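In: sequence plus predicted model, see below.
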Amino acid sequence: MMNNMTNNRILIEDLRSIADGLTERERSALSGRSILITGFAGSLGFMLVQFFAEYGQTFGVKRIYVLDNYILENPNGFTQ
């Protein structure tokens, strides 16, 4: 996972809980798809990136694209 989040036990448990809670239909809907996450440097976008970085391959996600205009600065330390 990105940004040294592998040591965050709560985040790892939350992501696992979300993944485990997806129905088979929801999982199969992700297969072969490209995912676009806008505003990825914000809180919700960051968590979505973490989720797909961890579980995207498991669900067959083809690619993950991320965009952010950093209008509220760069809260998570990402580089442009």
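Out: Cool, the structure landed. As the structure is a prediction and not an experimental result, all values here were calculated from the model. Residues are numbered from 1 along each chain as shown.
In: could you use CA atoms for every contact and neighbour count after this?
Out: Fine.
In: helix/strand/coil for the spatially most central residue of the chain?
Out: Among the residues of the chain, Val49 comes closest to the average C-alpha position under Cα atoms, centre = their mean, at 2.2 Å. Judged by DSSP: H, G, I helix; E, B strand; the rest coil, the three-state class of Val49 is helix.
In: could you find the closest non-adjacent residue to it?
Out: Of all residues not flanking Val49 in the chain, Phe40 sits nearest, at 6.9 Å (Cα to Cα, 6 or more residues apart in numbering).
In: circling back: residues touching the residue nearest to the centre of the chain, list them.
Out: For Val49, the contact set (Cα atoms under 8 Å, 6 or more residues apart in numbering) comprises 37, 40, 66.
In: the residues you listed in helices, which ones?
Out: When DSSP state H defines the helices, the subset of the contacts of Val49 inside them is empty.
In: select only the buried ones of these in PyMOL?
Out: Selecting in PyMOL just the buried members of the contacts of Val49, where the criterion is 16 or more other Cα atoms under 10 Å, is done with this command:
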select buried, resi 37+40
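In: return the item of the contacts of Val49 having minimum pLDDT.
Out: Within these, Phe40 has the lowest pLDDT, namely 85.
In: alpha carbons only: can I get stretch 41-60 in PDB?
Out: Taking only C-alpha atoms (Å, rounded to 0.1, in the frame of the first residue of the first chain), the coordinates of stretch 41-60 have been written out as PDB:
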ATOM      1  CA  ALA A  41      -5.200  13.500  -2.400                       C
ATOM      2  CA  GLY A  42      -8.300  14.100  -0.300                       C
ATOM      3  CA  SER A  43      -9.500  11.800   2.500                       C
ATOM      4  CA  LEU A  44     -12.100   9.800   0.600                       C
ATOM      5  CA  GLY A  45     -10.000   9.700  -2.600                       C
ATOM      6  CA  PHE A  46      -7.000   8.500  -0.700                       C
ATOM      7  CA  MET A  47      -9.000   5.700   1.000                       C
ATOM      8  CA  LEU A  48     -10.300   4.600  -2.400                       C
ATOM      9  CA  VAL A  49      -6.800   4.500  -3.800                       C
ATOM     10  CA  GLN A  50      -5.700   2.400  -0.800                       C
ATOM     11  CA  PHE A  51      -8.600   0.100  -1.300                       C
ATOM     12  CA  PHE A  52      -8.000  -0.500  -5.000                       C
ATOM     13  CA  ALA A  53      -4.200  -0.700  -4.500                       C
ATOM     14  CA  GLU A  54      -4.800  -3.500  -2.100                       C
ATOM     15  CA  TYR A  55      -7.800  -5.300  -3.700                       C
ATOM     16  CA  GLY A  56      -7.900  -4.200  -7.300                       C
ATOM     17  CA  GLN A  57      -6.000  -7.200  -8.600                       C
ATOM     18  CA  THR A  58      -8.100  -9.600  -6.500                       C
ATOM     19  CA  PHE A  59     -11.300  -8.200  -8.100                       C
ATOM     20  CA  GLY A  60      -9.700  -8.100 -11.600                       C
END
